[in-house]
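[1] show me how the following folds:
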Amino acid sequence: MHSIRIRLIVLFIVMTTSILAAFGIYAQALLSRELEQRFEQLQQETISRLAISLPRSLWDLSPASAQRILAAEMLPKEVLAILVVDLDGQQFAQASRDKNSKQIKQGSAPKGPYLSRPIYRDVDESQATASKLIGKVTVYFTREHIDTALRTNIRRRVLEILVIDLILLFALTISLRMVFIPLAQLRDALFALSRHDGDEVEELVETQRSEFGEVIQGFNQTQRKLKRIMARRRQAEEATQQAFVDLQAAQTSLLQSEKMACLGGLVAGVAHEINTPVGIVLTSASVLNDATLHLHKSISNGAIRKSEVVQYMETAQQASQLIMSNAERAATLIQSFKQVAVDQTSELRREYKLKEYIDEITSSLHPALKQSGTQVTVICHNDIVLEGYPGAMAQVLTNLTMNALAHAFIAGDRGQIEILAEQIGPSVRMMFKDNGKGISEDHLGKIFDPFFTTRRGQGGTGLGLNIVFNIINKQFGGTIDVLSKPNNGTCFVLLFPRISPLAEPESVGG
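    Just a heads-up that it's a prediction; the model follows:
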């Protein structure tokens, strides 16, 4: 603002000075021309008068009379000297002055402009002839008065310009103060409004009855409106913050529900799968018990026969084999389910072999895989040992598998799932592939978003892959990418450290 004020003052002064200087130069030129014209007129008039008045004095040989005439013509300051000579070139009369305007009777001819004219006996020069020539008069002039007048005019013009510039500077300073003081108040108020909350900035005093008073009034109205807007915004922010907190709580609850639902489905599947071998075990044990009671009754009656003993031995052998095989099958299912279920419901950190743990998870998911007719192939070295949270790993593989069963395969198709894992330095790269229908390009960038699902209303919550994403990124400190094309399967690429970073249990599931 100060720079604008200074530039305005400088602009007006430069413009005024330029205009006054231009007019001064024009006036100086006019004055110079006028003085030159007067000077030329004086020269012609002086030489003409001398040509008229000197012939009688020169003809009568009266130097005294000529001297009086010359003295009269020396009155103008422009006349510096007059010299009269006779026909023989001898000096007849002269008059001159020095720089102090004192009469001088003797002296040489001065330097400067001069005019010479012959003197004839007859005044009428048109009838003059050589026989009538009686002498010559020469008048010397000085231009000092012209130069002095021009210099004086220049000094006067410069003084006028300086006085006008000073007056203009004073007037502009006073005028611009009337403009820039309210602008400075508005500027300070705007800066205060930008640096502080709107409630902390005071309104400007509306005392001026001018255009700036109206501007200040408009600023105060704008400030009051801004305060109302900021108050509503704070209320909206508080409501939004509370809604965000509620949403986080709901999301956490939904994530926990999703985990437990997954575990519940695992329990139901394992329970259904265990029913078959346990039922066979019960049936075989019942048959063996009936055969044993029948043999015991025959022995008690003393009517035991060899054929009955042989039949009992065959029945006992078959029942024992069925009981043993199905009991081992049930024990294997229970052991796998127990380990995976314990890991999923706890956040204990421990070392575990990746290949064995993948097999346990696959075994616990066998009922769901069997029902959908999907085969799982695991390619992983036995010497890959992870240190971290096996429950989180179970959650990742379970969610990826259930997601593939729900979305990748069309009913009736025999799907293929391939899990490949390899150690790359301190990291492990795991690829989870399926040969399903793939993911469309429109959905590919959204699959890790919370609550995004293509099976809304069909049991899908949209949290399975979001849980996987949060576990890999936050708890494992790794990354997960997806590669998929329609009708060409899907591949999830997981890259994470072999030793998981220490993390709080709440970080699981995001």
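[2] burial of the closest residue to residue 436 other than its chain neighbours, as a residue count?
    With C-beta to C-beta, 6 or more residues apart in numbering as the criterion, residue 436 has its nearest non-adjacent residue at 2.6 Å, and that residue is residue 408. From N, CA and C alone the C-beta is placed, and that goes for glycine too. Per other C-beta atoms under 10 Å, the neighbour tally for residue 408 reads 21.
[3] name the next helix or strand downstream of the helix-or-strand element of the chain with minimal mean pLDDT, please.
    Using mean pLDDT, DSSP states H and E, strand 103-104 stands out as the lowest-scoring helix or strand of the chain, at a mean of 43. Sequence-wise, the next helix or strand downstream of strand 103-104 (DSSP states H and E) is strand 114-120.
[4] quick one: low-confidence parts of the stretch 1-150 of the chain?
    1-2, 98-109, 122-131 (pLDDT under 70).
[5] how does this protein divide up, domain by domain?
    What automatic domain parsing lists as the domains of the chain is 2-157, 346-510.
[6] which of these has the highest mean neighbour count?
    Among the domains of the chain, domain 346-510 has the highest mean neighbour count (mean count of other C-beta atoms under 10 Å), at a mean of 17.
[7] what about residue 228, distance to residue 222?
    11 Å (C-beta to C-beta, to the nearest Å).
[8] quick one on the thing from earlier: tell me the pLDDT at the residue nearest to residue 436?
    pLDDT, residue 408: 84.
[9] wait, it sits on residue 402?
    No: using C-beta atoms under 8 Å, residue 408 makes no contact with residue 402, being 10.6 Å away.
[10] now the strands for the stretch 1-150 of the chain?
    79-86, 91-97, 103-104, 114-120, 133-141 (DSSP state E, counting those that start in this stretch).
[11] I meant to write the chain there.
    In the chain, the segments counted as strands under DSSP state E are 79-86, 91-97, 103-104, 114-120, 133-141, 350-353, 375-380, 385-388, 416-424, 427-434, 479-484, 490-497.
[12] in the chain, which residue sits furthest out from the middle?
    residue 60 (106.7 Å; C-alpha atoms, centre = their mean).
[13] need the domains of the chain in a markdown table (columns: distance to residue 319).
    Below are the domains of the chain laid out as a markdown table (distance: least, C-beta to C-beta, whole Å):
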| stretch | distance to residue 319 |
| --- | --- |
| domain 2-157 | 107 |
| domain 346-510 | 26 |
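[14] so which of these comes closest to residue 168?
    Closest to residue 168 of the domains of the chain is domain 2-157 (C-beta to C-beta; 5.6 Å).
[15] what's the offset of the closest one from the middle of its chain?
    78 Å (C-alpha atoms, centre = their mean, to the nearest Å).
[16] ok, now stretch 372-382?
    Its chain's C-alpha centre and that of stretch 372-382 lie 51 Å apart, by C-alpha atoms, centre = their mean.
[17] do stretch 445-453 as well
    Averaging C-alpha positions (C-alpha atoms, centre = their mean) puts stretch 445-453 31 Å from its chain's average.
[18] distance of the residue nearest to residue 436 relative to residue 110?
    Note on residue 408: its distance to residue 110, by C-beta to C-beta, is 124 Å.
[19] for residue 429, same thing?
    As judged by C-beta to C-beta, residue 429 and residue 110 stand 115 Å apart.
[20] cool, and residue 132?
    For residue 132, the distance to residue 110 - C-beta to C-beta - is 30 Å.
[21] and for residue 448?
    Counting by C-beta to C-beta, the gap from residue 448 to residue 110 is 111 Å.
[22] please apply the same query to residue 473.
    109 Å.
[23] what about the stretch 251-400 of the chain, any weak spots by pLDDT?
    Scanning the stretch 251-400 of the chain for pLDDT under 70 picks out the ranges 251-273, 329, 332-347.
[24] helices of that one, start to end?
    Counting by DSSP state H, counting those that start in this stretch, the stretch 251-400 of the chain has helices at residues 306-344, 354-364, 366-372, 390-403.
[25] make CSV out of these and add distance to residue 292.
    Compiled in CSV, the helices of the stretch 251-400 of the chain are given as follows (distance: least, C-beta to C-beta, whole Å):
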stretch, distance to residue 292
helix 306-344, 7
helix 354-364, 34
helix 366-372, 34
helix 390-403, 43
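[26] looking at those helices, which is nearest to residue 150?
    Set against residue 150 and scored by C-beta to C-beta, the helices of the stretch 251-400 of the chain come closest in helix 390-403, at 103.0 Å.
[27] and the angle for the closest one with strand 490-497?
    Counting by axes from the mean of the first three to the mean of the last three C-alpha atoms, to 10 degrees, helix 390-403 lies at 170 degrees to strand 490-497.
[28] and helix 390-403, how far from the chain's centre?
    43 Å.
[29] gap between the nearest residue to residue 305 once chain neighbours are set aside and residue 289?
    Closest residue in space to residue 305, ignoring its immediate chain neighbours: residue 298 at 7.4 Å, by C-beta to C-beta, 6+ apart. Using C-beta to C-beta, residue 298 is found at 15 Å from residue 289.
[30] looking at these two, which is more packed in?
    residue 298 (15 against 11).
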